[in-house]
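1. pasting the sequence and the predicted model now:
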Amino acid sequence: MPKKRIYLDHNATTPLHPEVKNTMKKAMEVFGNPSSLHSFGREAKQLVEEARENVASFIGAGADEIIFTGSGSEANNTVLSIFSCMSARCTGSLDYHVNVITTNIEHPCILETAKCLKDRGAEVSYLKADCLGKINLEHVEEALVGKTGLVSVMMANNEIGTVQDIKEMAKIAHKHGALFHTDAVQAVGKIPVNVLDLNVDFLTLSGHKIYGPKGIGALYIKKGVPFCPLIRGGHQEKGRRAGTENTLGIAGLGKAIEMRRKEMKEEEKRLLKLKKILKEGIEKNIPDARFNGHPTDCLAGTLNVSFDGAEGEAILLYLDQEGIAVSTGSACASGSLDPSHVLLATGVPIERAHGSIRMSLGRENTIKDVEYVIDILPKVIGKVRKISTAYSKDNK
Amino acid sequence: MTMQPKWVYTEKAKEHFINPRNVLDDEKDYKDDGKGIVGNIKCGDEMMVAIKVDKEKQVITDCKWKTYGCASAIASTSIMSEMVKGMPVDKAYRISPKDITKELGGLPEHKIHCSVLGDKALRAAIDDYYKRNGMEDKIKKEKARIVCQCMNVTDKEIERAVLDGAKTLYELQEKTKLGTVCGQCKEEATRLLDEYKKKHFEKC
């Protein structure tokens, strides 16, 4: 293993913040069931409710509008499942035969669930992102039909980092009587997110993307909107999500959010600077590199780039040999045969999508890391291109 | 507490990936006796193999290659290029992905399809050699046979789907749409599915 290891894959997951680690170590001592009435239970309950307060106030919600879930994926699945409830007792849920609108650049946990909804009889339409990954507001307006029940659009894209104008989209959806959900897993803790300002009905967030633990997510459910639980069989989370609370994860998420509140603003400024240096270093030192995503409406730490004639998985593994961790939109790395659906949706030609990598910077990255990457990356790309049938110096 | 995580590939595959052998770096000046290109970068991988042949002995004396491909394509072609040097042409013609993955000490299952391009390109290079030297009679045509009449799916396509990860009839149907109309070919397709699974995935 190389001596130096540089982690540039923060959109995949993040290391625990040291403060989060401390909080979780202490929380390990608290083993009571938050539902128990005795002191052991009350201790655990307090821990959970403090975290809930933290999460809620950070995004401008009320504590009773937050439920904890096992992941961001679970929260997203929960929102899309409010349609299937046909019980006469269930007054809150939407009609089965609805129209759902989402986009073609969502995370698979939305896309796959939407596909499943369609199989169950719902009508699903997909808004198409433009070449920078933006969803056109006019398209949202056009797509809305009388029976549209829900619009779900991710706030910031995990692969290219493009940030959407959620506030305006929610306004349009509400004008037509539809509910609005945003998957803000990549946004919360990186850019300002306030549910009152955005006026969304549902919002998904996750712990492990913001230096919190894995296996914990949260869903904001606006007071009074129709809801139907995905996981049943317990009164936890006010009957909205059954299962004994993951106190350790919840405590960790609460602390992670608290730390984001303190660190987010300064850190994003710093990451933006680092990304600029990284981008310029690539532009200067590597020919035929093309950047994907939006130049300005983009997460500070996310940089997605395609290298002509170089295959992504090979790039990833050669970089890994040098201690640099990135991810790729190449099909070969994912085990499927199609490259990133997000890159294809934004019009990146398929051969270029196979040769793309995503670098996502985070709080522990330094200028030294970026300089090291600028030193190593051109060598790696040079090596891959030397082997490549699809890149020749002569025609460039 | 940092531990050395296991690599996705074997040590041998990793070593060939990091130090690929016989890469063709000067295409213009390489006087090959046969050259073949297969795949397409739109599908994510492309492979070129060029060979030199001792025409008296009918033995491959040199094998060079280039690829737009992933780590397993690089590793498997690198090792193949070493395997075929000094090998009679007709023997090299029969080399299979299984022979190559065996030499590499195995590949992850979902990576097998990445390694089939090397031997395919080698056969294309040998075909090219045969053509240039008036030995067209030696060229083996890979004849495709239609299995599903309704959807026009061939045995070659079934083999490809298996290499791409289809393990059950359902997965095969998802990939090829075979047997989704009259369904008569399902039995034959299941037989071929087993045959190709055995051919490509059974432990060497």
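-> That came through fine.
2. ok, B:Met83 to A:Gly177 distance?
-> Separation of B:Met83 from A:Gly177 (Cβ to Cβ, to the nearest Å) stands at 67 Å. The way it works is simple: take the backbone N, C-alpha and C, and place the C-beta from them, glycine included.
3. and B:Tyr93, by the same measure?
-> With Cβ to Cβ as the criterion, B:Tyr93 and A:Gly177 are 68 Å apart.
4. gap between the helix or strand where A:Lys21 lies and the chain center?
-> Following DSSP states H and E, one finds A:Lys21 within helix A:18-27. Its chain's average C-alpha position is 24 Å from that of helix A:18-27, according to Cα atoms, centre = their mean, to the nearest Å.
5. who are the packing partners of that helix?
-> helix A:247-285 (3 or more Cβ pairs under 8 Å, 6 or more residues apart in numbering or on different chains; DSSP states H and E).
6. counting contacts, what elements does the helix or strand following the helix it packs on pack onto?
-> Using DSSP H and E, the helix or strand that follows helix A:247-285 towards the C-terminus is strand A:289-292. Packing partners of strand A:289-292 (3+ Cβ pairs under 8 Å, 6+ apart): helix A:247-285, strand A:302-307.
7. show me the contact partners of strand A:289-292.
-> A:133, A:160, A:279, A:282-283, A:303-308, A:343, A:346, A:348, A:352, A:356, A:381 (Cβ atoms under 8 Å, 6 or more residues apart in numbering or on different chains).
8. list the buried ones in that strand?
-> A:289, A:291-292 (16 or more other Cβ atoms under 10 Å in any protein chain shown).
9. likewise stretch B:18-34?
-> In terms of neighbour count (16+ other Cβ under 10 Å), stretch B:18-34 has its buried residues at B:20, B:22-24, B:32-34.
10. quick one: contacts for residue 77?
-> All of this refers to chain A. A:Asn77 neighbours (Cβ under 8 Å, 6+ apart): A:109, A:113, A:230.
11. please refer instead to chain B.
-> Here B:Thr77 is in contact with B:20, B:47, B:49, B:65, B:67, B:69, B:115, B:117-118, B:121 (Cβ under 8 Å, 6+ apart).
12. ok, 10 Å please
-> Contacts of B:Thr77 were listed using Cβ atoms under 10 Å, 6 or more residues apart in numbering or on different chains, and they are A:387, B:16, B:20-23, B:47-49, B:63, B:65-67, B:69, B:100, B:114-115, B:117-119, B:121-122.
13. A:Leu317 now?
-> A:328, A:332-333, A:380, A:384, B:7-9, B:14, B:17-18, B:70-72, B:74.
14. restricted to helices, list those.
-> A:332-333, A:380, A:384, B:14, B:17-18, B:71-72, B:74 (DSSP state H).
15. which stretches of the stretch 51-200 of chain A form strands?
-> Listed in chain order, the strands of the stretch 51-200 of chain A (DSSP state E, counting those that start in this stretch) span A:66-69, A:99-103, A:123-127, A:148-152, A:179-183.
16. quick one, which of those is nearest to A:Leu37?
-> Among the strands of the stretch 51-200 of chain A, the nearest to A:Leu37 by Cβ to Cβ is strand A:66-69 (20.5 Å).
17. still on that earlier bit, any quick ChimeraX command for the buried ones out of the contacts of strand A:289-292?
-> In ChimeraX, a selection of the buried entries from the contacts of strand A:289-292 looks like this (16+ other Cβ under 10 Å):
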select /A:133,160,279,282,303,304,305,306,307,308,343,346,348,352,356,381
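18. so which of the contacts of strand A:289-292 are also by chain B?
-> A:308, A:352 (Cβ under 10 Å from any Cβ of the partner chain).
19. what sits against whichever residue of chain B sits closest to chain A?
-> Among the residues of chain B, B:Cys70 lies closest to chain A, at 3.6 Å counting by Cβ to the nearest Cβ. Residues in contact with B:Cys70 (Cβ under 10 Å, 6+ apart) are A:311-317, A:328, A:330-333, A:354, B:17, B:44-45, B:111, B:114-115.
20. and A:Leu127, by the same measure?
-> Contacts of A:Leu127 by Cβ under 10 Å, 6+ apart are A:101-106, A:135-137, A:139-140, A:142-143, A:151, A:153, A:164, A:169.
21. that concludes my questions; thank you for your assistance.
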